[in-house]
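Trainee: Return atomic coordinates for the entry below.
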Amino acid sequence: MKGFSVGKLGTDLLDELVSGIKKKDPRVIVGPKVGEDAAVIDIGDKYLISTTDPITFTSYKIGWYMVNVNANDIATMGGTPKWLLTSIFLPENKTDSTLVKEIFRDIEKAADELGIAICGGHTEITKGLDRPIVSGHMLGEVDKDKLVTNSRARVGDEIILTKGIAIEGMALLAREREKELSGKYGNLFVERVQAFLHDPGISVVKEAHTANQTANIRAMHDPTEGGLATGLYELTRASNTGVVIYEDKIHLLDETRILCSEYKLDPLGVIASGALLIVVGPDDRDAVLSKLVQNDIECSVIGKMTDKEDGLKIIADGKERELPFFEVDEIARVI
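Mentor: Numbers count the residues shown, from 1 in each chain. Reported below is the predicted structural model:
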């Protein structure tokens, strides 16, 4: 029997598993569902948003990563990240106080930057690991009239993409292949790509908040593993729609083009934290674009939601084809 590859559990299997879970508490507004970034619970005047995400693909700044990817999930639901619990699993015979202190410092720094309170967690030395794994459980809150769920996206809605794609993937690639790339493209090039974590950055909290305060946002989703293409598949799964996007409208940084060409990667399938998909009605599009630009956030309309029967399409050079599906993130082929 062939086992699963590294990455997210397949969408069909995950959907089969979570669709059978019955909602046992009426206060659960959003429960487990493919394409939704977090759970939502009614706590009275506001909704509580709850998410969990581990960092398993890198040990570099693992604590900082964990805080930011969990905060992104809260923000895409329209919420403000507030409280964090974290579990830290450390490799046997490879862990010392220096490593542990570094992870804690990174968690504290990232939490302070986003105004998040660290409330507790768990640490242990774990048998069988070859590197640290850090998992976060984050809570946030949102006014009830500002909750954003991906199931609300409708046919005819327009899709805005912020900053560009493959931001996180290129930063990972530049760190893992640093020596090789420095020899070919120079140290300054590699340092610039490694800095993508902070500029343009992998946090989408600012742009999600900006959009949600500007208009009636139909849906927001941050594409992560599997890149923009997987993010769009997840979005359409949640909203029971199709999508058409225009390749020439998708922003790619110059360095991303160079590195994807170098390693023969399809940027549509490269881990894309830092990008945000914002779905809006046509009447709200210009207001959201204008406000994002005012806040120095790169953005463009890349497509629209269509009927489910139309499937997921991409138009390039005037020709329409199926949007590719990536069972494994493209970056996994080279690092």
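
Trainee: For the stretch 1-150 of the chain, which segments count as strands?
Mentor: 28-30, 39-42, 46-55, 80-91, 117-126, 133-143 (DSSP state E, counting those that start in this stretch).

Trainee: so which of the ones you listed comes closest to residue 332?
Mentor: Closest approach to residue 332 among these (C-beta to C-beta): strand 46-55, 15.1 Å. In this view, the C-beta of every residue, glycine as well, is placed from N, C-alpha and C.

Trainee: Now residue 216. Its backbone dihedrals?
Mentor: Residue 216 adopts backbone torsions of phi -80, psi 100, taken as degrees, to the nearest 10.

Trainee: Mind putting the strands of the stretch 1-150 of the chain into JSON lines with mean pLDDT and distance to residue 305?
Mentor: As requested, the strands of the stretch 1-150 of the chain are exported to JSON lines (pLDDT from 0 to 100; distance: least, C-beta to C-beta, whole Å):
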{"stretch": "strand 28-30", "mean pLDDT": "94", "distance to residue 305": "19"}
{"stretch": "strand 39-42", "mean pLDDT": "96", "distance to residue 305": "22"}
{"stretch": "strand 46-55", "mean pLDDT": "96", "distance to residue 305": "23"}
{"stretch": "strand 80-91", "mean pLDDT": "97", "distance to residue 305": "27"}
{"stretch": "strand 117-126", "mean pLDDT": "97", "distance to residue 305": "37"}
{"stretch": "strand 133-143", "mean pLDDT": "98", "distance to residue 305": "23"}
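
Trainee: so how far is stretch 239-258 off the chain centroid?
Mentor: Stretch 239-258 has its C-alpha centroid displaced from the chain centroid by 15 Å (C-alpha atoms, centre = their mean, to the nearest Å).

Trainee: coming back round to it: can you say which of the strands of the stretch 1-150 of the chain is nearest to residue 227?
Mentor: Of the strands of the stretch 1-150 of the chain, nearest to residue 227 by C-beta to C-beta is strand 46-55, at 16.8 Å.

Trainee: quick revisit: with mean neighbour count and distance to residue 307 added, can I get the strands of the stretch 1-150 of the chain in a markdown table?
Mentor: Output for those, formatted as a markdown table (neighbours: other C-beta atoms under 10 Å; distance: least, C-beta to C-beta, whole Å):
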| stretch | mean neighbour count | distance to residue 307 |
| --- | --- | --- |
| strand 28-30 | 17 | 24 |
| strand 39-42 | 18 | 27 |
| strand 46-55 | 21 | 30 |
| strand 80-91 | 20 | 35 |
| strand 117-126 | 13 | 44 |
| strand 133-143 | 21 | 30 |
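
Trainee: Of the ones you listed, give the one that comes closest to residue 222.
Mentor: Comparing these under C-beta to C-beta, the one sitting nearest is strand 46-55, at 10.8 Å.
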